[in-house]
Structures are given as C-alpha cells and as structure tokens.
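Visitor: After the sequence you'll find the predicted model.
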Amino acid sequence: MIQYLTNKKGKRTGVIIPIELWKVLKKDLKEESAEILSDPELIKAIRESEADIKAGRTTSLDILEKELGL
C-alpha cells in the first residue's frame, strides 16, 4: 500500500512505499544507471543536452507540440 505525506495545505510532499517495492525500484535504478553510464554515445548526448539547456537553447512543450502538429 502506497501512502502520501501532505503539508498543511494538502499538497503531496512525500510518499511511503512498502520496503519490497523500494528494493525493486532501487535495483532497477542501479541497473538502468549502469546501462546509461556504459554507453559513451548516450553520455555525450546527455552532456550536449545539458549544455543546450545552460545556453538557453530550449523549446517549450507547447511550441514543440504546435510544430509537430500535435
């Protein structure tokens, strides 16, 4: 059973999950991270994307959807 923690205004601020689910999520994240880190092309693309963001070379989702006709 998943439970949410909320602040005084009712906004969700945290989550409590069963330990077994946490272990599965943690294992999956480790495996996925290892896969990403072992792919030099993907690491290069991530670094280039981060540089684009820092340089302001971004597009809003609204604009992108309009350009793609979505």
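Guide: Thanks, I have the structure now.

Visitor: Mind naming the longest helix for this structure?
Guide: Ranked by residue count, the top helix of the chain under DSSP state H comes out as helix 19-37.

Visitor: Find the centremost residue of the protein, please.
Guide: residue 29 (11.2 Å; C-alpha atoms, centre = their mean).

Visitor: and the gap between that one and residue 60?
Guide: According to C-beta to C-beta, to the nearest Å, residue 29 stands 29 Å off from residue 60. Any C-beta I mention is one placed from the backbone N, CA and C, and that applies to glycine too.

Visitor: Equivalent analysis for residue 69, please.
Guide: Per C-beta to C-beta, residue 69 is found 16 Å from residue 60.

Visitor: do residue 51 as well
Guide: Taking C-beta to C-beta, one finds residue 51 at 19 Å from residue 60.

Visitor: now residue 32
Guide: 28 Å.

Visitor: Can you tell me the number of residues neighbouring the residue nearest to residue 18 when sequence neighbours are not counted?
Guide: Residue nearest to residue 18 in three dimensions, not counting chain neighbours: residue 1, with 7.0 Å by C-beta to C-beta, 6 or more residues apart in numbering. By other C-beta atoms under 10 Å, 6 other residues sit near residue 1.
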